[in-house]
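J.: below is the sequence, then the predicted model.
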Amino acid sequence: MDSNGRAWIVSRNHVSQEYTLGLNNFLATARHHLDSDGRTLCPCNRCENTWLQRFPTIRAHILRYGMLATYQRWIHHGESLTDEEEDDHFEDSSNKDEEDHTLRDAIVDE
Ligand SMILES: [Zn+2]
């Protein structure tokens with residue numbers, strides 16, 4: 001899950017084993033995020049996550065044009081924007097704030 005594993009995205013060598021593995025990894029993730037026609041947004045440098053394409057086309061586009069260098073987290077293909085662990089932390093601290101407010105209000109009332 002670390003972004004170091006996404007270094008292949010900016011690689012210019014589209015025939016390396018690393019690039020092929022990375023691309024397969026992306027397609028495996030996107031596979032869970034297809035529309036009813038079996039298409040999903042193509043993250044290549046030409047479509048820029050704007051056009052829906054089928055898998056063979058997406059694979060060909062990425063091999064030919066490369067994947068968007070900025071597309072390190074695949075939010076259009078099933079990945080969440082934030083780390084879920086961080087979300088839990090935020091929730092915990094806001095809950096504590098609320099408890100403090102309740103306690104302070106109670107004291108002011110008396
Ligand atoms: Zn494309």
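T.: Here it is on my side, so go on.
J.: just give the nearest non-adjacent residue to the most centrally placed residue in the chain, would you?
T.: The centre of the chain sits closest to residue 74, judged by Cα atoms, centre = their mean, with a distance of 2.6 Å. What sits nearest to residue 74 in space, not counting adjacent residues and going by Cβ to Cβ, 6 or more residues apart in numbering, is residue 29, at 5.7 Å. All C-beta atoms are positioned from the backbone trio N, CA, C, and that covers glycine.
J.: confidence score at the residue lying closest to residue 81 once chain neighbours are set aside?
T.: Nearest residue to residue 81, sequence neighbours excluded (Cβ to Cβ, 6+ apart): residue 75, at 5.2 Å. In this model, residue 75 is scored at 95, pLDDT.
J.: go ahead and confirm residue 75 touches residue 49.
T.: No: judged on Cβ atoms under 8 Å, residue 75 makes no contact with residue 49 at a distance of 9.2 Å.
J.: the two - which one has more neighbours?
T.: Taking other Cβ atoms under 10 Å, residue 75 and residue 49 do not tie; residue 49 has more neighbours (18 against 12).
J.: just to revisit the earlier point, was I right to think the residue nearest to residue 74 contacts residue 75?
T.: No: using Cβ under 8 Å, residue 29 makes no contact with residue 75, being 10.9 Å away.
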